[in-house]
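Q: sequence first, predicted coordinates after that:
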Amino acid sequence: MTANPAPPLLAKFIAATQDAVAGAFTQDEFDLDSPWHHHGMHQLQYAFEGSIEVEDKSRRNLLPRTLAAWIPAGVSHRTSLHRVRSGCILLSPSLLPDAGDRVRIVMVSSLMREMILGAMRWQIGQPLDAVGESYFKTFALLCAEWIKDEAPLSLPTSEDPALRAAMDHTRGHIATATLESASTAASLSERTLRRRFQSVTGTSWEDYRRRARLLAAVEQLTNTNQSIGRIAMALGYESQSAFAKAFRSLLGVNPSEFRQGR
């Protein structure tokens, strides 16, 4: 199942998926950068607090609590989990035959979050009662809808120390970060950072900052009652209208419409 020997917790997780139909797996105690691995069940990976990272052959993604990773059965991936409250839902391919063949990053709606929380009642490897069987059949049907809409806010990550420093600085100073300040944090020239960022992540530093700001905006719109104007100001936008324009360009709705739809 893995290219290298799996850490004990990961080995326990993989073993629990053998011959199971569905279930949840609590990962709060995981403190690891997993080796490349795959398993025979579909997986919806989610962090209730903090963030985790999921990587497939094409991209490494940062997942705060507004995003989840859909990992179809058989798809090789690596996961970084460092003692954050997190878990995953596992589904037999028989419950969702058309699951795709790559990792997808999806936006977490309030319904999805509540369904994931509810699913934690049935830990993988334990027999499912009638309620559990019905619950996961419904969960699989909802997943079939959720994974059709990939999140436009996916943030790439990198194992390059300089790029990670630039990314950490950008997210940590979301309202004020500039290419100059990110370059200083990475100990690189602006030209070198710009070229390396594009080469490694496939996106520009400016687009990374834009997506990071809007991902932070989604978090604020979902979990606080702050006014849209205050959110725009806190994230470094020149005006509420500039914020609304940027938000609509990526998510297709303005901030107030997004908040109402949550």
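A: Arrived safely. Residues are numbered from 1 along each chain as shown.
Q: which residues does G202 contact?
A: R59, P156 (Cβ atoms under 8 Å, 6 or more residues apart in numbering). C-betas here are computed from N, CA, C, even on glycine.
Q: and it, what are its phi and psi?
A: In terms of degrees, to the nearest 10, the main-chain angles of G202 are phi 80, psi 10.
Q: repeat that for the one 5 residues further on.
A: Here is the backbone geometry of D207 (degrees, to the nearest 10): phi -70, psi -40.
Q: and it, what pLDDT?
A: pLDDT for D207: 94.
Q: can you give me the distance of it to P64?
A: Going from D207 to P64 by Cβ to Cβ, to the nearest Å gives 18 Å.
Q: same check on Q123?
A: Separation of Q123 from P64 (Cβ to Cβ): 24 Å.
Q: give me the more crowded residue out of the two.
A: Taking neighbours as other Cβ atoms under 10 Å, Q123 and P64 compare with P64 leading, 19 against 13.
Q: my read: the more buried one touches Q220, true?
A: No. Using Cβ atoms under 8 Å, P64 is not in contact with Q220; the gap is 11.8 Å.
Q: and the next element down the chain from the lowest-mean-pLDDT helix or strand in the chain?
A: Ranked by mean pLDDT, DSSP states H and E, the weakest helix or strand in the chain is helix 8-16, scoring a mean of 67. Scanning forward in sequence from helix 8-16 by DSSP states H and E, the next helix or strand is strand 22-26.
Q: list the buried residues for that next one?
A: Going by neighbour count (16 or more other Cβ atoms under 10 Å), the buried part of strand 22-26 is A22, G23, A24, F25.
Q: give the other helices and strands that it contacts.
A: helix 8-16, strand 86-91, helix 110-119, helix 130-146 (3 or more Cβ pairs under 8 Å, 6 or more residues apart in numbering; DSSP states H and E).
Q: ranking those by mean pLDDT, which is last?
A: Note on the helices and strands packed on strand 22-26: lowest mean pLDDT is at helix 8-16, with a mean of 67.
Q: please, where are all the helices along the stretch 151-262 of the chain?
A: Here the stretch 151-262 of the chain has its helices, by DSSP state H, counting those that start in this stretch, at 161-172, 179-186, 190-201, 205-223, 228-234, 240-251, 255-261.
Q: just the angle between the longest one and helix 240-251, please?
A: Using axes from the mean of the first three to the mean of the last three Cα atoms, to 10 degrees, one finds that helix 205-223 and helix 240-251 are set 100 degrees apart in direction.
Q: how about helix 205-223: buried residues?
A: By 16+ other Cβ under 10 Å, the buried positions in helix 205-223 come out as 205, 208-218, 220-222.
Q: can you check stretch 135-149 too?
A: If you call a residue buried by 16+ other Cβ under 10 Å, then stretch 135-149 has these buried ones: Y135, F136, F139, A140, C143, W146, I147.
Q: just the CA coordinates of it, formatted as CSV?
A: Extracted C-alpha coordinates of stretch 135-149, given in CSV (Å, rounded to 0.1, in the frame of the first residue of the first chain):
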residue,chain,number,x,y,z
TYR,A,135,-25.9,7.9,6.9
PHE,A,136,-22.9,7.0,4.7
LYS,A,137,-25.1,6.2,1.7
THR,A,138,-26.5,9.7,2.0
PHE,A,139,-23.0,11.1,2.6
ALA,A,140,-21.8,9.4,-0.6
LEU,A,141,-24.6,10.9,-2.6
LEU,A,142,-23.8,14.4,-1.3
CYS,A,143,-20.1,13.9,-2.1
ALA,A,144,-21.0,13.1,-5.7
GLU,A,145,-22.5,16.7,-5.8
TRP,A,146,-19.8,18.4,-3.7
ILE,A,147,-16.8,17.2,-5.8
LYS,A,148,-18.3,18.6,-9.0
ASP,A,149,-17.5,22.1,-7.9
